[in-house]
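> Just to be clear, the model below is a prediction. Sequence and coordinates:
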Amino acid sequence: MMRKPKRTIMQVKKDQLHQSQADVLAVGIFQDASRLPSDYTALNKAADGLIGKIIKMGDFKGKANETTVLYSPGKLSCKRIMLLGLGKKDKLELSTLRQAAGTAARTAETLGVVHLDLALHIPVPAKFDLERIGQALAEGAVAGRYDYQDYLPANKEKNATSPLMRVSIIEPKTSAVLKIKRGCKIGQIMAQAQNQTRMVANMPGNELNPPSLARLAQKVSRQTGLKCKVFHDRQLDEMGMNAILAVGAGSASKPRLIRLDYQGRASRANKNPDVVVVGKAITFDSGGISLKPGANMEAMKFDKCGGCAVLGVMSALSSLKFPLHVVGLIPSAENLPSHTSYRPGDIVRTYSGKTVEVQNTDAEGRMILCDALAYAQKMKPGAIIDMATLTGACVIALGTHHAGLFSNNDSLCDQLRQAADRSGDCLWPLPSGPDYLEQMRSKIADLRNIGGREGGSCTAAAFLGEFVGNIPWAHIDIAGVSDTNKSKPYRGVGATGFGVRLVLEYLRGLSKKKG
Ligand code: BES
Ligand code: ZN
Ligand code: ZN
């Protein structure tokens with residue numbers, strides 16, 4: 001059951017702040033500003049000096065994502081003013097603005113507001129690119145409004161009081177409007193893709209299984225004009241994708257391999273894809289015969305987040321019109337224990353021809369990925385990027401703010417780190433390679449699927465690296481960042497949609513380089 005998502009209409013309006021007629025006008029204010037910035041003089045005057053007074057009294061500090069709502073502000077025609085903290089001025093980043101827009105939209109939502117005006121960027125220093133500002137604000141507002149409430153009765157949706165919200169970025173200077181508009185459009189598309197990913201990733205295992213995920217991908221392909229090919233279990237068997245089949249063998253819902261193709265204009269000539277993006281989609285990971293402990297096992301419905309991110313990326317491409325050929329690959333299985341499950345001790349001949357000794361059925365992500373990566377390698381793409389909730393060790397190493405980045409190619413690594421800076425999906429590079437691969441050697445097969453406790457994320461990456469040949473490749477371990485149970489002022493709980501805007505920014509950079 002997927003509820004119709006709330007709609008957010010984004011626009012950019014050339015207007016003076018004090019002329020806003022919105023239900024809420026959100027203005028950005030830096031921390032430690034002893035005086036009101038001059039950009040707000042006219043507004044403050046029309047508000048009978050209320051804003052300046054509050055700042056002077058120190059009641060509103062301007063800490064990042066702090067809010068105060070003012071009512072009946074003097075002679076103004078907007079119904080409310082929301083003061084929104086931007087933190088310290090010299091610490092300002094695009095992600096500060098993205099979050100502030102999310103906070104504004106979420107706070108407005110609790111007020112049941114339909115029309116929100118954003119003037120968060122007004123005091124932002126000129127060195128910030130206006131297109132990027134527009135993009136960040138749109139991303140924040142659109143992604144901020146998403147909450148997973150598909151199974152709550154409509155009247156109990158505490159936060160869903162505005163099924164439709166019109167969010168307008170207010171900009172007084174004509175010269176700035178066009179640039180902000182350009183960014184706003186891109187930001188809206190990217191955040192919608194992120195929300196689409198969260199919508200699918202939040203679905204529970206009894207609703208979303210490999211076959212239903214494949215049907216969803218087909219629906220997305222019809223809506224966006226992507227090519228979609230679903231390999232069913234019988235075809236996987238014919239192709240020799242035995243690792244994907246092994247992982248899914250214990251479940252009544254059989255595995256699928258989903259392939260989506262986006263072929264942008266001017267990229268029709270190149271047969272080889274520019275990039276193949278691969279995402280792990282274990283719709284539920286119980287661990288299988290190597291069963292996980294019961295505590296928090298419910299969170300393992302999020303073990304499909306990598307695959308869902310790939311779906312989100314692909315769904316945005318036809319709107320963004322990048323001149324690239326991009327292939328999305330989503331290997332999907334459900335990892336359950338039963339009399340038909342694969343077991344510790346099994347030796348699997350993978351699609352690549354390499355054999356793998358299974359020593360732990362809970363290390364299933366690398367199994368399904370190794371078949372998908374070997375398939376990707378055959379296409380001889382310019383690069384392969386995979387995203388996977390692969391290891392608990394990555395959560396221990398990096399926590400919940402950065403995803404782990406592994407790569408066999410410095411240039412690809414750099415491009416992804418730049419995309420991380422632009423998108424706010426943070427990455428941190430971790431090592432892998434031949435030394436770690438040693439731990440993955442089996443005495444009775446080419447590889448084994450676990451390598452001991454030490455460097456668990458690095459050995460997993462080394463395993464994957466055996467299936468990409470010489471193709472530039474990056475592996476992003478999103479186990480710590482794909483979902484959250486801590487709500488923030490700017491986003492709710494559940495799937496985060498991590499990776500969608502990251503990869504889209506990477507592809508955007510790539511298409512600029514090519515064009
Ligand atoms: N899906 C898990 C990894 C995971 C753990 C994601 C915690 C998110 C939060 C993966 O399939 C797994 O179970 N990995 C094992 C590997 C081990 C058996 C070598 C792990 O990390 O414990
Ligand atoms: Zn597992
Ligand atoms: Zn898993």
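Here it is on my side, so go on. Residues are numbered from 1 along each chain as shown. Ligands and ions are numbered 1, 2, ... in the order given.
> doesn't residue 252 fall inside a strand?
No: read with DSSP: H, G, I helix; E, B strand; the rest coil, residue 252 is coil and lies in no strand.
> okay, and the helix or strand of this structure with the least pLDDT?
helix 50-57 (a mean of 92; mean pLDDT, DSSP states H and E).
> nearest spatial neighbour of residue 81, skipping sequence neighbours?
residue 70 (4.5 Å; CB to CB, 6 or more residues apart in numbering). (Each C-beta comes from the backbone N, C-alpha and C, glycine too.)
> Sorry, slip of the keys, the one I care about is residue 308.
Using CB to CB, 6+ apart, the nearest residue to residue 308 is residue 201, at 4.1 Å.
> So the one you found sits against residue 303, correct?
No: Residue 201 lies out of contact with residue 303 (CB atoms under 8 Å); the separation is 9.6 Å.
> For residue 224, give me the pLDDT.
You'll see residue 224 listed with a pLDDT of 97.
> ok, so what distance separates it from residue 298?
From residue 224 across to residue 298, the span is 31 Å (CB to CB, to the nearest Å).
> Domain map for this structure?
Here the domain parsing of the chain from automatic domain parsing is 7-173, 199-514.
> Serialize those to TSV and add fields for mean neighbour count and distance to residue 185.
Formatted as TSV, these follow (neighbours: other CB atoms under 10 Å; distance: least, CB to CB, whole Å):
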stretch	mean neighbour count	distance to residue 185
domain 7-173	19	8
domain 199-514	21	9
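> want to throw those into TSV with distance to residue 193?
TSV is the format used below for the domains of the chain (distance: least, CB to CB, whole Å):
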stretch	distance to residue 193
domain 7-173	10
domain 199-514	4
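> among these, which gets the worst mean confidence?
domain 7-173 (a mean of 94).
> Now residue 24, what are its backbone angles?
Main-chain dihedrals, residue 24, degrees, to the nearest 10: phi -140, psi 130.
> my bad, residue 264
phi -70, psi 160.
> Verify the stated contact: it with residue 319.
No: contact criterion CB under 8 Å: residue 264 and residue 319 do not qualify, at 11.3 Å.
> distance of residue 324 from residue 200?
23 Å.
> How about residue 288?
23 Å.
> Then residue 513?
31 Å.
> mind listing the helices for the stretch 351-500 of the chain?
Assigned by DSSP state H, counting those that start in this stretch, the stretch 351-500 of the chain shows helices spanning 365-378, 392-398, 410-423, 434-437, 456-465, 500-514.
> Nearest to ligand 2: which residue in the stretch 51-200 of the chain?
residue 200 (19.7 Å; CB to the ion).
> correction: the chain
At 3.8 Å from ligand 2, residue 362 is the closest residue in the chain, using CB to the ion.
> quick one: contacts for the residue of the stretch 151-300 of the chain found nearest ligand 3?
Nearest residue of the stretch 151-300 of the chain to ligand 3 (CB to the ion) works out as residue 285 at 3.8 Å. For residue 285, the contact set (CB atoms under 8 Å, 6 or more residues apart in numbering) comprises 292, 300, 303, 335, 362, 364-365.
> Residue 138 touches residue 10, doesn't it?
Yes: using CB under 8 Å, residue 138 is in contact with residue 10, at 4.9 Å.
> can you list residues touching both of those two?
Joint contacts of residue 138 and residue 10 (CB under 8 Å, 6+ apart) are 167, 169, 184-185, 187-188.
> just curious, which of these is nearest to ligand 1?
The closest of those to ligand 1 turns out to be residue 187 (CB to the nearest ligand atom; 28.5 Å).
> measure the closest one to residue 357 for me?
Relative to residue 357, residue 187 is positioned 47 Å away (criterion: CB to CB).
> Same question for residue 434.
Distance from residue 434 to residue 357, by CB to CB: 19 Å.
> just checking, next helix/strand downstream of the longest strand anywhere in the chain?
If you go by DSSP state E, the chain has its longest strand at strand 325-335. Using DSSP states H and E, the helix or strand that directly follows strand 325-335 along the chain is strand 347-349.
> in its sheet, what does that next one sit against?
Sheet pairing here is set by DSSP bridges, and for strand 347-349 it gives strand 355-357 (antiparallel).
> Any part of the strand it pairs with near ligand 1?
No: if you take CB under 6 Å from any ligand atom as the test, strand 355-357 misses ligand 1, and the best it gets is 13.1 Å.
> How about residues contacting that strand?
By CB under 8 Å, 6+ apart, strand 355-357 touches 243, 345-350, 367, 370, 442, 444-449.
> mind redoing it with 10 Å?
242-243, 246, 344-350, 363, 366-367, 370, 440-450, 463, 466 (CB atoms under 10 Å, 6 or more residues apart in numbering).
> can you pull out the strands in the stretch 101-250 of the chain?
Remark: strands assigned in the stretch 101-250 of the chain by DSSP state E, counting those that start in this stretch are 115-119, 164-171, 227-231.
> Same list as before, those that is, but in CSV and with distance to ligand 3 included.
Shown next, in CSV, are the strands of the stretch 101-250 of the chain (distance: least, CB to the ion, whole Å):
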stretch, distance to ligand 3
strand 115-119, 39
strand 164-171, 36
strand 227-231, 20
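> What about contact with ligand 1: does the longest helix anywhere in the chain have any residue there?
Longest helix in the chain, counting residues (DSSP state H): helix 174-201. No: if you take CB under 6 Å from any ligand atom as the test, helix 174-201 misses ligand 1, and the best it gets is 12.4 Å.
> What strand or helix carries the residue nearest to residue 81?
Going by DSSP H and E, residue 70 is part of strand 67-71.
> That strand pairs with which strands, and in what direction?
By DSSP bridges, strand 67-71 pairs with strand 80-85 (antiparallel).
> now the strand it pairs with, how far from the centre of its chain.
Remark: strand 80-85 is offset 28 Å from the chain centroid, using CA atoms, centre = their mean, to the nearest Å.
> Measure how that strand sits relative to strand 115-119, angle-wise.
40 degrees (axes from the mean of the first three to the mean of the last three CA atoms, to 10 degrees).
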